[in-house]
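Participant: Fold the stuff below for me.
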Amino acid sequence: MLSGLYLQSSTVARIRRSPLAVQLDPFVEYLLGAGYARSTVRTYLSSVQHFAAWTSAQAIDLGEVDGCTVADFARHLRRCRCIGPYHRKRAGSCETVLTAVRHFLKHLRRVGVARPASLWPKSQAILEFVDWMRKRRGTCDTTLKGYCRHVGRLLSAVGDDPRRVDARSLRLFVLRESRRHGVPHSSSVVSALRAFVRFLIATGQCPSNLDGAVPVVAGWRLASMPKFIPYEDVERVIASCDRRTAKGRRDRAILLLLARLALRAGDVRQLRLTDLDWAHGAVVVCGKGQRPVRLPLPQDVGDAILAYLRRGRPRVDSPFVFLRSTPPFGPFHPASLADVTHYAILRAGVRAPHHGTHLFRHSAATEMLRRGATLDQIQTVLRHASPETTLQYAKVDVEALRAIAQPWPGGASC
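Facilitator: Numbering: from 1, shown residues only. So this is what the prediction gives:
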């Protein structure tokens, strides 16, 4: 692979004398497969040679390279006085060098040379909690990562031994968090603590009634109105995508899935090629709780996905349907799918209460209600586990509510 990047054989020979030379050919193959240009690959190789020389000077074994090693190398770059073809000023800016090194670390982890990155804090209690939630509750990793952040702070306050968690420590922790943050954050803290305490109860590490000690954050269910935009505005947002470009075809397919099937962002991001059943016009969605659901695939949605797959999707080996439009070609980051809806709404010039992906889910449910769908039918389409979650849409049809509303005593009818 190196021979195809450089014209001079002496350059290839010099690179092969690098301390990490055995991994450079696979690394180049990984970068080219991810869609990077050859000029970018050459820049990244210079950066990796710099990193290889530094790790060799520090006597760091390849299997010990991790995120902390990269952080130490970043501090070295700020005062770097290295000489040679891999000098930072020749390889590019500090950020370019670090980007290359992070990709190299990702490659080392992928081939099993470096230790895999841990998603969870290095706490035995949290690791057992994660395993229990996955097996018993089917909780996805995105939710668990949020839970673990809150539980980790709780254990830092009381000590790593979960048996030290009691009613007083739970209440003090929730009180402290609620003073620092708003209601949504406090509610997520309560959800995480309640799940953790129930895990402790199930495993016999605390009294059986300790979950009742977790305070409830003040809030009123169904007090707010669902935020949505009219059907006509949804169509304008979808039409704003440029079908002549690969990115436009991708964004249009994503928006149609959100608007027609009321999918969550995670449903779209995790959609795989094997989930599409073209023969029967259906798509399998695995949402919250990891429960797969088979949904009909509308004609316009199927046509949009097919147009993207044929003339838009990067030709890389990835199981996911939707990929980033710039290298490295891979699945979306959990938070980056909102950029698609944000810029589409701005392009269309639509005034919306917010620009997130959930706006289209609320809009789809609202439109179904206005067209005569029952709440049970909406619950089925939205895949709500509880009917109470769907009840919020009962307030959307203001005209129907106006007809049945009783006049206020002593006042005029609304």
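
Participant: use CA for all of it now, contacts and neighbours both
Facilitator: Fine.

Participant: Which strand or helix spans the residue lying closest to residue 352 once chain neighbours are set aside?
Facilitator: Nearest residue to residue 352, sequence neighbours excluded (C-alpha to C-alpha, 6 or more residues apart in numbering): residue 229, at 6.3 Å. Assigning secondary structure by DSSP states H and E places residue 229 outside every helix and strand.

Participant: contacting residues around residue 229?
Facilitator: 352, 359, 360, 363 (C-alpha atoms under 8 Å, 6 or more residues apart in numbering).

Participant: give me that answer again for 10 Å
Facilitator: Contact analysis of residue 229 by C-alpha atoms under 10 Å, 6 or more residues apart in numbering lists 350, 351, 352, 353, 354, 359, 360, 362, 363, 364, 366, 367.

Participant: Mind checking which of those are buried?
Facilitator: For these, a burial check counting by 16 or more other C-alpha atoms under 10 Å picks out 350, 359, 360, 362, 363, 364, 366, 367.

Participant: And the second one, how far from residue 170?
Facilitator: The gap separating residue 359 from residue 170 is 34 Å, by C-alpha to C-alpha, to the nearest Å.

Participant: and the helix or strand encompassing residue 237, how far out from the chain's middle?
Facilitator: Assigned by DSSP H and E, residue 237 falls within helix 231-239. Mean C-alpha position of helix 231-239 versus that of the full chain (C-alpha atoms, centre = their mean, to the nearest Å) differs by 25 Å.

Participant: How about stretch 42-52?
Facilitator: On C-alpha atoms, centre = their mean, the centre of stretch 42-52 falls 29 Å from that of its chain.

Participant: Stretch 27-37 now?
Facilitator: 24 Å.

Participant: How about stretch 366-380?
Facilitator: With C-alpha atoms, centre = their mean, you get 29 Å for stretch 366-380.

Participant: end to end, how far does it reach?
Facilitator: Counting by C-alpha to C-alpha, you get 14 Å between the two ends of stretch 366-380.

Participant: Run through the strands of the protein in chain order.
Facilitator: Taking DSSP state E as the test, the strands found in the chain are 276-277, 282-286, 292-296.

Participant: Pick the most deeply packed of those.
Facilitator: Among the strands of the chain, strand 282-286 has the highest mean neighbour count (mean count of other C-alpha atoms under 10 Å), at a mean of 19.

Participant: Which other helices and strands does it contact?
Facilitator: helix 265-269, strand 276-277, strand 292-296 (3 or more C-alpha pairs under 10 Å, 6 or more residues apart in numbering; DSSP states H and E).

Participant: as a whole number, average confidence for the second one?
Facilitator: So the one you mean is strand 276-277. Averaged over strand 276-277, pLDDT sits at 96.

Participant: which helices and strands sit right next to it?
Facilitator: strand 282-286, strand 292-296.

Participant: that older thread, for residue 177, find the nearest of the strands of the chain.
Facilitator: Closest to residue 177 of the strands of the chain is strand 282-286 (C-alpha to C-alpha; 32.4 Å).

Participant: TSV please, covering the strands of the chain and showing distance to residue 201.
Facilitator: TSV is the format used below for the strands of the chain (distance: least, C-alpha to C-alpha, whole Å):
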stretch	distance to residue 201
strand 276-277	41
strand 282-286	29
strand 292-296	29
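
Participant: quick one: which of those strands is nearest residue 94?
Facilitator: strand 282-286 (40.5 Å).

Participant: Low-confidence regions, the stretch 151-300 of the chain specifically.
Facilitator: Scanning the stretch 151-300 of the chain for pLDDT under 70 picks out 219-225, 288-290.

Participant: what about the helices in it?
Facilitator: 167-180, 183-202, 231-239, 246-260, 265-269, 299-311 (DSSP state H, counting those that start in this stretch).

Participant: Point out the most buried one among these.
Facilitator: helix 246-260 (a mean of 24).

Participant: And that helix, what does it pack against?
Facilitator: Using 3+ C-alpha pairs under 10 Å, 6+ apart: helix 246-260 touches helix 231-239, helix 265-269, helix 299-311, helix 337-348, helix 358-370.

Participant: Try it again at 7 Å.
Facilitator: Counting contacts by 3 or more C-alpha pairs under 7 Å, 6 or more residues apart in numbering; DSSP states H and E, the secondary-structure elements packed against helix 246-260 are helix 231-239, helix 299-311, helix 358-370.

Participant: Contact partners for the closest residue to residue 262 other than its chain neighbours?
Facilitator: In space, and not counting its chain neighbours, residue 262 is closest to residue 361: 4.3 Å by C-alpha to C-alpha, 6+ apart. Neighbour list for residue 361: 258, 259, 262, 263 [criterion: C-alpha atoms under 7 Å, 6 or more residues apart in numbering].

Participant: The last one: what's it in contact with?
Facilitator: It stands for residue 263. 257, 361.

Participant: Next, count neighbours for the closest residue to residue 199 other than its chain neighbours.
Facilitator: Leaving aside its chain neighbours, residue 199 sits nearest to residue 129 (6.6 Å; criterion: C-alpha to C-alpha, 6+ apart). Applying other C-alpha atoms under 10 Å, we find 22 residues neighbouring residue 129.

Participant: Can you pull out the low-pLDDT segments for the stretch 1-150 of the chain?
Facilitator: 1-3, 7-8, 83-92, 117-122.

Participant: Show the pLDDT at the residue most central in space within the chain.
Facilitator: The residue lying closest to the centre of the chain (C-alpha atoms, centre = their mean) is residue 334, at 1.3 Å. Here the pLDDT value assigned to residue 334 is 76.

Participant: Residue 33 and residue 287, how far apart?
Facilitator: 30 Å.

Participant: quick one, which of the two is more surrounded?
Facilitator: Taking neighbours as other C-alpha under 10 Å, residue 33 and residue 287 compare with residue 287 leading, 19 against 15.
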